[in-house]
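S.K.: fold the following.
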Amino acid sequence: MQTGLLNTYNKSVSNRSVIAWVLSGVLLTFYVLMYFTEFFAPIAAKLHLGGKWGLYGTLYTLFIVVFGIVFIRRHGKTRYQKLRTVSIMFFQVVFAFALPHVMEMFDTPGYNFAYFWPLNYSAFYPSNIINQPLPFILYSFLGSLILVPILTFMYGKRWYCSWVCGCGGLAETAGDSFRHLSSKTSKSWRFERFSIYAILLLAVLTTAIVVSGFILSAKSGGEYSAMYPVFSKVSNGVKGFYSFFVGAILSGVIGVGLYPLMGSRVWCRFFCPLAALMGLIQKFGRFRITVKDEMCISCGNCSAYCEMGIDVRQYAQNNQDFKRAACVGCGICAHVCPRGVLKLENKWDFASWGDAAGVEHADV
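M.R.: As a prediction, the model looks like this:
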């Protein structure tokens, strides 16, 4: 364990003090103004950032880079932590920020190569597909339907959630000081099991309705279907609801605004549909956290700083290797262990295949 690591979280801003509540209020206000008003548009215009979302993207990237450097200074004695943080910064700066801007300079629609469906919930909307170049269409489908499942099966969610994703990137860098605030109660776990799969189902249904509406309302014999107004209204209504409720309220306002009160992975843990999908795959894949027998001293550091609310100590005390659908493979549990009990590994465990249900009884 890095010397003095646990002392880095003993600040009032990260202990649900008055300062934490004020900071959460500031973040909530910022996201409400950003998503639902044009309050920041004049500022973006003065800075020549191409609108409020250009300003938001710039701030988002800046925070990941600045706090990524802070994270490396804090946790960089571990090679794994240093490499994954550099990876997060790279994908945010290059794939999520720079490339879309360069594409727009050449009159090509901006495209975030670091997001896949259903996190990028509009990736399969026909209206978006029609306006995208063929290579981007292929990337969306192949990446979402083939690349993501294969990599998750082989390496777990960590290849994406802790190495690539911008949402996870902000949580791991700017949200690092709040990771220990993630609730470890059974009530939170029960809510998590319901909420994250409910949003995944909603994402699937939304995509299906939008695609079906497009097909049913398509021109036939030079004339629109008689039901075109109905299909169009339903499709647009569903898209609007998902964009507002999931894309704005859950991922932005709540997902980031509650960092100082509920931990840095509120969105990832409770609502991200891609995390839910990858979690299902991870349960049957190679990634797992292994435990050295009879080494745990029950200090509780691993559980205390698990940003996904997993009671890691329980497994360590029972000398039990484990994999949890919620685990994003950040490796902090192993990082804070004073005896090196935990290790993140990608390996086959043939013995557990026949009893997967029993082993995973606490999985999300």
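S.K.: care to break the protein down by domain?
M.R.: 5-115+159-181, 286-359 (automatic domain parsing).
S.K.: distance from the first one to the middle of the chain?
M.R.: Same thing as domain 5-115+159-181. The chain centre lies 12 Å from the centre of domain 5-115+159-181; the measure is Cα atoms, centre = their mean, to the nearest Å.
S.K.: please begin residue numbering at 14 from this point
M.R.: With 14 as the first residue, the last one maps to domain 18-128+172-194.
S.K.: hang on, the earlier thing: pipe the domains of the chain into a markdown table and attach mean neighbour count, distance to I228 and mean pLDDT per row.
M.R.: Quick note: C-beta positions are derived from backbone N, CA and C, even for glycine. Listed next are those as a markdown table, based on neighbours: other Cβ atoms under 10 Å; distance: least, Cβ to Cβ, whole Å; pLDDT from 0 to 100:
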| stretch | mean neighbour count | distance to I228 | mean pLDDT |
| --- | --- | --- | --- |
| domain 18-128+172-194 | 17 | 23 | 92 |
| domain 299-372 | 18 | 33 | 87 |
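S.K.: so which of the ones you listed gets nearest A211?
M.R.: Closest approach to A211 among the domains of the chain (Cβ to Cβ): domain 299-372, 14.8 Å.
S.K.: so for the closest residue to L132 other than its chain neighbours, what's the pLDDT?
M.R.: In space, and not counting its chain neighbours, L132 is closest to L287: 3.8 Å by Cβ to Cβ, 6 or more residues apart in numbering. For L287, the model assigns a pLDDT of 98.
S.K.: residues contacting L287?
M.R.: Residues in contact with L287, defined by Cβ atoms under 8 Å, 6 or more residues apart in numbering, are 129-132, 161, 173.
S.K.: next SSE after the helix or strand it falls within?
M.R.: Secondary structure assignment for L287, by DSSP states H and E: helix 286-295. As assigned by DSSP H and E, the chain's next helix or strand after helix 286-295 is strand 300-304.
S.K.: packing partners for the following helix or strand past that next one?
M.R.: From strand 300-304 onward toward the C-terminus, using DSSP H and E, the following helix or strand is helix 314-317. With contacts taken as 3 or more Cβ pairs under 8 Å, 6 or more residues apart in numbering; DSSP states H and E, helix 314-317 sits against helix 325-330, helix 345-349.
S.K.: turn the ones you listed into JSON lines, columns for distance to K65.
M.R.: Shown next, in JSON lines, are the helices and strands packed on helix 314-317 (distance: least, Cβ to Cβ, whole Å):
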{"stretch": "helix 325-330", "distance to K65": "40"}
{"stretch": "helix 345-349", "distance to K65": "34"}
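S.K.: the helix or strand harbouring F103 packs against which elements?
M.R.: For F103, the element it lies in under DSSP H and E is helix 92-103. Contacts defined by 3+ Cβ pairs under 8 Å, 6+ apart place helix 92-103 against helix 65-88, helix 179-186, helix 345-349.
S.K.: please redo it, this time with the cut-off set to 6 Å
M.R.: Where contact means 3 or more Cβ pairs under 6 Å, 6 or more residues apart in numbering; DSSP states H and E, helix 92-103 is packed against helix 65-88.
S.K.: now do the contacts for G89.
M.R.: Contacts for G89 (Cβ atoms under 6 Å, 6 or more residues apart in numbering) come out as K95.
S.K.: about what we covered before: tell me the angle of the helix holding L287 relative to helix 179-186?
M.R.: 90 degrees (axes from the mean of the first three to the mean of the last three Cα atoms, to 10 degrees).
S.K.: and the closest residue to Q94 other than its chain neighbours, how far is that from S190?
M.R.: Nearest residue to Q94, sequence neighbours excluded (Cβ to Cβ, 6+ apart): H88, at 4.2 Å. Plainly put, H88 is 12 Å away from S190 if you go by Cβ to Cβ, to the nearest Å.
S.K.: put the alpha carbons of the helix holding F103 into CSV.
M.R.: Only the C-alpha atoms of helix 92-103 are listed here, as CSV (Å, rounded to 0.1, in the frame of the first residue of the first chain):
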residue,chain,number,x,y,z
ARG,A,92,2.4,1.0,-12.3
TYR,A,93,-1.2,-0.2,-12.9
GLN,A,94,-2.6,3.1,-11.5
LYS,A,95,-0.2,5.2,-13.5
LEU,A,96,-0.9,3.4,-16.8
ARG,A,97,-4.7,3.4,-16.6
THR,A,98,-4.8,7.1,-15.7
VAL,A,99,-2.6,8.0,-18.6
SER,A,100,-4.9,5.9,-20.8
ILE,A,101,-8.0,7.7,-19.5
MET,A,102,-6.4,11.1,-20.2
PHE,A,103,-5.3,10.0,-23.7
